[in-house]
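Q: Give me a model of this one.
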Amino acid sequence: MRALLATEFYKLIKQSRTYYALAAIFVIEGVVLFSAYYQGAGIIDIVLSNLKDTFYFEGNLLNGNLVTYFILNSLWFHVPLILIIIMSGLLTTEYKDKTLQTVMMQPVKKWQYIFSKYIVAIVFTTCVVFVLALTSFLLSYALFGKG
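A: Residues are numbered from 1 along each chain as shown. As a prediction, this is how the structure comes out:
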């Protein structure tokens, strides 16, 4: 089972689509940070214009917490879609290159083969979400502070 997991991680790392997808995720994160940095105050003023008559706001509302919230909420659609593309690429590449038939002729149980792909998908997804949360948190606080 360890050999199957190592092989699947190796295939994931060697696949160029993995790096394109990760770059796309971080480009989207950068776009949200860029737009919040240059237009965030104006957007906050427009959104809160009615509430400023009723409430007293203290400090800077455009802070690291709000920008992290914007980044993570703007990627709820994109991250799963990109991760699905990467993970489906693992199996389709094997089918296209005719290596799937070769693997099925080896003395490997099919459930172990599919389970190893599943484990790789879970580990990779967890790592991507953790790195995305960490980078959005660190960059947001570096650019916008605590408020």
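Q: buried ones in the longest helix belonging to the chain?
A: For the chain, the helix with the greatest residue count under DSSP state H is helix 110-144. By neighbour count on 16 or more other CB atoms under 10 Å, the buried set for helix 110-144 is 113, 116-117, 120-121, 124-125, 128-129, 132, 135-137, 139-141, 143-144. In this view, the C-beta of every residue, glycine as well, is placed from N, C-alpha and C.
Q: and what of stretch 78-95?
A: Residues 79, 82-83, 86-87, 89-90, 94 are the ones in stretch 78-95 that count as buried (16+ other CB under 10 Å).
Q: Among those residues, which lie within strands?
A: Per DSSP state E, strands hold no members of the buried residues of stretch 78-95.
Q: Next step: those residues restricted to helices.
A: Among the buried residues of stretch 78-95, the residues falling in helices (DSSP H) are 79, 82-83, 86-87, 89-90, 94.
Q: What residues of stretch 12-29 count as buried?
A: Neighbour-count burial for stretch 12-29, counted by 16+ other CB under 10 Å, picks out 12, 18, 21, 25, 28-29.
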